[in-house]
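Trainee: Pasted the sequence and its predicted model underneath.
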Amino acid sequence: MRFETRAIHVGQDPDPTTGAAVVPIYQTSTYVQEEVGAHKGYEYSRTANPTRTALELALASLEEATHCLAFASGMAAEDAVVRTLAPGDHVLLGDDVYGGTRRLFEKVLAGVYRFTSVDIGSVDAVASAVRPETRMIWVETPTNPYLRIADLAGIAGVAHAAGALLVVDNTFATPYLQRPLSLGADVVVHSTTKYLGGHSDVVGGALCTSDDHLAERLAFLRNATGGVPGPFDSWLVLRGLKTLALRMERHCANAAVVADFLARHPTVSTVWYPGLPSHPGHDLAARQMDGFGGMVSFEVASCEEALRVVKGTKLFFLGESLGGVESLIEHPAAMTHASIADSPFAVSDSLIRVSVGIEAVEDLIEDLAAALG
């Protein structure tokens, strides 16, 4: 089956009891057993829930993975995969990552694991930064917020030669545009809050892998620490998957028009969008991805100008997060990346990030034009 068909059908057979065409919300914490041990795969919903199982089967199929584990948030998923390491292990972390990811490493896990940051846009730089104790390389591509592109196949070669796992945050691209496991990654991370849910009404995360042993370890950690999504949250993300292909086509088409408009605007100094031929990762993105995504970042003259612009839009709502059907605009230095404002990896305070929604693109351009002046 092709992507669009799998998004609607894998793990989503009609309910055998009622014939319901949509997977039910199994709003239960426990399951009746006919006798001790006869639990039909379900005994307690922290361990497994049928609605969550349906989501995991569908998302694993879309990521071309053998296993998927859903989590209560993207950060819960990130925390779980890092905890598969032994204390003292070394992690190579991209130098342009989501602020919450860097906060997790710098302010929560630094006493347990060692990590250094590296330019993931250069395979040679990654290879040079590997240590004998390196056991994980963490990559976002496209990155957040500068939309840099990493050569996944090249970095996978470096990771595996060092005996390390390659973990790829695929939130920006989604499996519709990029499937990291097919390029050599060991684990794919998602904030399902974003494009997979797609409607700004749910918080969730997921890990996908085809490594049986690693999947077993991750399932143990999730059950032991309890970071599971509820059945309604799982149902919302599963519903979102059904229209992912359609939405991503529109997100990509709209973002390309927005990026072109911004690149020609006299008050915009720089535009980061991998679909622009001027983007340093454009050719790699064209080979590695099936589209360039719905995220665009751009820089204006100053912090004051950036704050004026983000307050001046009407259709682009000022807010954190991304990937919903509505367009969002934000000031990363003061919002999504504020937690690393005192870090050497702090983002420019004149940077603006937009999540381009699926509205009529002409209206979006008019909105940005009015705000930019």
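Mentor: Received it, and whenever you're ready, just let me know what you need.

Trainee: what ranges do the strands span in the stretch 251-373 of the chain?
Mentor: Applying DSSP state E, counting those that start in this stretch to the stretch 251-373 of the chain gives strands spanning 270-272, 295-299, 317-318, 328-330, 351-355.

Trainee: Who are the packing partners of the fourth one?
Mentor: This points to strand 328-330. When contacts are defined as 3 or more Cβ pairs under 8 Å, 6 or more residues apart in numbering; DSSP states H and E, strand 328-330 packs onto helix 303-312, strand 317-318, strand 351-355. Bear in mind the C-beta positions are built from the backbone N, C-alpha and C, glycine included.

Trainee: nearest to Val237, of those?
Mentor: strand 351-355 (17.5 Å; Cβ to Cβ).

Trainee: Of all the residues in the biggest helix by length in the chain, which ones are buried?
Mentor: Ranked by residue count and defined by DSSP state H, the top helix of the chain is helix 244-264. Neighbour-count burial for helix 244-264, counted by 16 or more other Cβ atoms under 10 Å, picks out 244-245, 247-248, 250-252, 254-256, 258-263.

Trainee: tell me which of those residues is nearest to Thr209?
Mentor: Using Cβ to Cβ, Leu244 is the member of these that sits closest to Thr209, with 20.0 Å.

Trainee: Could I get the helices and strands packed on strand 328-330 in JSON lines, plus columns for distance to Pro132 and mean pLDDT?
Mentor: Below are these laid out as JSON lines (distance: least, Cβ to Cβ, whole Å; pLDDT from 0 to 100):
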{"stretch": "helix 303-312", "distance to Pro132": "42", "mean pLDDT": "97"}
{"stretch": "strand 317-318", "distance to Pro132": "47", "mean pLDDT": "98"}
{"stretch": "strand 351-355", "distance to Pro132": "37", "mean pLDDT": "98"}
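
Trainee: mind giving me JSON lines with those and columns for distance to Ala125 and mean neighbour count?
Mentor: Putting the helices and strands packed on strand 328-330 into JSON lines (distance: least, Cβ to Cβ, whole Å; neighbours: other Cβ atoms under 10 Å) gives the following:
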{"stretch": "helix 303-312", "distance to Ala125": "29", "mean neighbour count": "17"}
{"stretch": "strand 317-318", "distance to Ala125": "35", "mean neighbour count": "14"}
{"stretch": "strand 351-355", "distance to Ala125": "23", "mean neighbour count": "25"}
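
Trainee: for the ones you listed, which one sits closest to Leu166?
Mentor: Leu166 lies closest, by Cβ to Cβ, to one member of the helices and strands packed on strand 328-330: strand 351-355, at 25.6 Å.

Trainee: Minimum distance to Asp367: which of the strands of the stretch 251-373 of the chain has it?
Mentor: strand 328-330 (9.2 Å).

Trainee: related to what we said a few turns ago, other SSEs contacting the longest helix of the chain?
Mentor: Applying 3+ Cβ pairs under 8 Å, 6+ apart, one finds that helix 244-264 contacts helix 3-9, helix 174-177, strand 270-272, strand 295-299, helix 361-372.

Trainee: hmm, 10 Å instead?
Mentor: On a contact count with 3 or more Cβ pairs under 10 Å, 6 or more residues apart in numbering; DSSP states H and E, helix 244-264 meets helix 3-9, helix 50-62, helix 174-177, strand 270-272, strand 295-299, strand 351-355, helix 361-372.

Trainee: Distance to Arg114 added to these, as CSV?
Mentor: Converted to CSV, the helices and strands packed on helix 244-264 look like this (distance: least, Cβ to Cβ, whole Å):
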stretch, distance to Arg114
helix 3-9, 39
helix 50-62, 31
helix 174-177, 31
strand 270-272, 30
strand 295-299, 30
strand 351-355, 29
helix 361-372, 43
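
Trainee: nearest to Ile149, of those?
Mentor: With Cβ to Cβ as the measure, strand 270-272 is the member of those nearest Ile149 (10.4 Å).

Trainee: Show me which positions of that closest one end up buried.
Mentor: Val271, Trp272.

Trainee: tell me the mean pLDDT over it?
Mentor: The average of the pLDDT scores along strand 270-272 is 98.

Trainee: just the helices in this protein please.
Mentor: Counting by DSSP H, the chain has helices at residues 3-9, 50-62, 74-82, 99-103, 123-129, 152-161, 174-177, 212-225, 231-242, 244-264, 282-288, 303-312, 361-372.

Trainee: tell me the most buried of these?
Mentor: helix 174-177 (a mean of 26; mean count of other Cβ atoms under 10 Å).

Trainee: the domain parsing of this structure - what is it?
Mentor: 3-242, 245-372 (automatic domain parsing).

Trainee: Check the separation of the first and last residues in the longest one.
Mentor: The first residue of domain 3-242 is 10 Å away from its last residue (Cα to Cα, to the nearest Å).
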